[in-house]
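Peer 1: any chance you could fold what I've pasted below:
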Amino acid sequence: MEAISAMTDSYREALEDSKVRLRNLVSQRDQVGADIEKVKTAIEALANMLNDPDETCTEILEMHNILGPEGLTEAVRRILQASTKKGMTPIDVRDALSKSGFDLAAYSNPLAAIHTILKRLVKAGNAKPTIIDGDQTVYEWIGIRRFPRLRPNGFIAQGMFNSKKRSR
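Peer 2: Coordinates of the predicted model:
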């Protein structure tokens, strides 16, 4: 009986040690994530200061290649931030994701996932829903823009900026 109790204590000690290690790793992950965001912001700002819009786009694309594949939430955020429209429907977002090369095949119902993400972005204060044509909801980015935004003439708007909240 004492051997079982000693083994249980050993397991409990290992369990507690593992939880402490996990807390430390999560803290490190959070710090690395914050550092990555700072470096991304610096690269975006510096790239946006270049005089050549093509070079700006190339530098930002290279940064995204370094970062590796993004998740669906980040891809939806990127699509909304780069949009020049006065709002996008979830179907618009899905189509833009497909055109951008994002692989939606891993999702059994990508439109449902996009709806959920858009609602989360609204709750976080980064997007604004607007009802048009009586029953269709479009979403517009109102948070900080971190990706190049194409102007109607095809050139990239220079600089990082905060989009202004517009009333309709």
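
Peer 1: what residue lies at the spatial centre of the protein?
Peer 2: Among the residues of the chain, the one closest to the centroid is Glu74, at 2.2 Å (C-alpha atoms, centre = their mean).

Peer 1: state the pLDDT value of that one.
Peer 2: At Glu74, the model reports a pLDDT of 86.

Peer 1: did I read that right, it in a helix?
Peer 2: Yes: counting by DSSP: H, G, I helix; E, B strand; the rest coil, Glu74 is part of a helix.

Peer 1: show me how far the lengthiest helix in the chain is from its chain's centre.
Peer 2: The longest helix of the chain (DSSP state H) is helix 2-48. In terms of C-alpha atoms, centre = their mean, to the nearest Å, the gap separating the centre of helix 2-48 from the centre of its chain is 22 Å.

Peer 1: so what secondary structure elements neighbour whatever helix or strand comes next after that helix?
Peer 2: Toward the C-terminal end, the helix or strand that comes next after helix 2-48 (DSSP states H and E) is helix 53-67. Packed against helix 53-67 by the contact rule (3 or more C-beta pairs under 8 Å, 6 or more residues apart in numbering; DSSP states H and E) you find helix 2-48. Where C-beta positions appear, they are placed from N, C-alpha and C, glycine not excepted.

Peer 1: tell me the domain ranges of this structure?
Peer 2: Partitioning the chain according to automatic domain parsing yields domains covering residues 1-68, 71-168.

Peer 1: ranking those by burial, who's on top?
Peer 2: Ranked by mean neighbour count under mean count of other C-beta atoms under 10 Å, those are led by domain 71-168, which reaches a mean of 15.
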